[in-house]
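*Asks:* Structure, please.
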Amino acid sequence: MTPSGASQPVFLRTWLVWTAGFIVFPLAGLAGTAIAGRVDDAAAALLGGLVVGLVLGTGQTLMSRRRLDPRRWIPATAVGTSVGLLLGAAVVGYGTSLGDLALMGALTGVVLGPAQALALPHQTQLRWVWAAAMPVLWALGWTVTTLGGISVDNQFTIFGAYGAVTFSALSGLLLHRLLPYRATVEPTPAAAHPAATT
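*Replies:* Numbering: from 1, shown residues only. Predicted coordinates:
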């Protein structure tokens, strides 16, 4: 089998694992709402975003198959989500219309994207692409959630499962492009002991 043919199943498994991590989004939302309540003022946005970011960052590092360093990714996601949600929610006056939530998501991504981009491993090339993509993907997440009929007027801290699946699938493709998964290959006995083949 050629290397390119061998890498395809690896990519598919890795992408599916990351995409399956969409379940972390509703869990993060439940945690954020339980601690901070509805996002209807600055304190709730800041605290709710912090909780959501901690849960989301933890889940993403687990689903990344060791491509993301939790010591960098989790704090960056927590701070970025907290400040980003505060900014976005305040700008739209804590509104929940489709336009409000799309703008809130975009502004959350404006803060979160660069924070996470800086937390990517040092060898990552074109990390700015991640920063540029987050405003679009977060706005899309809120848009899909709203169009899916979710009760967004409850002023949730993060978009729901519909938006989470969309976000995870697309961001998984981007993560693979920027930071491909490299499986750790154990040496074969022959490779470990070259003399055995002579």
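
*Asks:* Tell me which helix or strand the spatially most central residue of the chain sits in.
*Replies:* The chain has Gln60 as the residue nearest its centroid, 6.0 Å off, counting by C-alpha atoms, centre = their mean. If you go by DSSP states H and E, Gln60 is part of helix 42-63.

*Asks:* List the buried residues for stretch 122-139?
*Replies:* Buried residues in stretch 122-139, defined by neighbour count with 16 or more other C-beta atoms under 10 Å: 127, 130-131, 133-135, 137-139. Quick note: C-beta positions are derived from backbone N, CA and C, even for glycine.

*Asks:* Grab the nearest non-local neighbour of Arg38.
*Replies:* Nearest residue to Arg38, sequence neighbours excluded (C-beta to C-beta, 6 or more residues apart in numbering): Gln155, at 4.0 Å.

*Asks:* contacting residues around the one you found?
*Replies:* 38-40, 94, 96 (C-beta atoms under 8 Å, 6 or more residues apart in numbering).

*Asks:* could you pull out the strands for this protein?
*Replies:* Shown for the chain, no strands are assigned by DSSP state E.

*Asks:* where does it dip in pLDDT?
*Replies:* 1-8, 183-198 (pLDDT under 70).

*Asks:* And the helices in it?
*Replies:* Counting by DSSP state H, the segments of the chain that form helices are 3-20, 24-36, 42-63, 70-91, 98-119, 127-147, 161-178, 189-192.

*Asks:* Tell me how many other residues surround the spatially closest residue to Val83 that is not a sequence neighbour.
*Replies:* Counting by C-beta to C-beta, 6+ apart, Val83 lies nearest to Val111, which is 5.0 Å off, once chain neighbours are set aside. Using other C-beta atoms under 10 Å, Val111 has 24 other residues around it.

*Asks:* quick one, what contacts Val111?
*Replies:* 80, 83-84, 87.

*Asks:* Tell me the one of those nearest Leu68?
*Replies:* Leu68 lies nearest to Gly80 out of the contacts of Val111, by C-beta to C-beta, at 13.8 Å.

*Asks:* ok, now which ones touch Pro121?
*Replies:* Pro121 touches 67-69, 179, counting by C-beta under 8 Å, 6+ apart.

*Asks:* now Val91
*Replies:* Contacts of Val91 by C-beta under 8 Å, 6+ apart are 103-104, 107.

*Asks:* same thing but 6 Å
*Replies:* Val91 sits next to Leu107 when contact means C-beta atoms under 6 Å, 6 or more residues apart in numbering.

*Asks:* Likewise for Gln60?
*Replies:* Counted by C-beta under 6 Å, 6+ apart, Gln60 has zero contacts.

*Asks:* Equivalent analysis for the one 5 residues further on, please.
*Replies:* Contacts of Arg65 were listed using C-beta under 6 Å, 6+ apart, and they are 14, 181.

*Asks:* how near is it to Tyr181?
*Replies:* 6 Å (C-beta to C-beta, to the nearest Å).

*Asks:* go on, Gly32?
*Replies:* Gly32 is 29 Å from Tyr181, by C-beta to C-beta.
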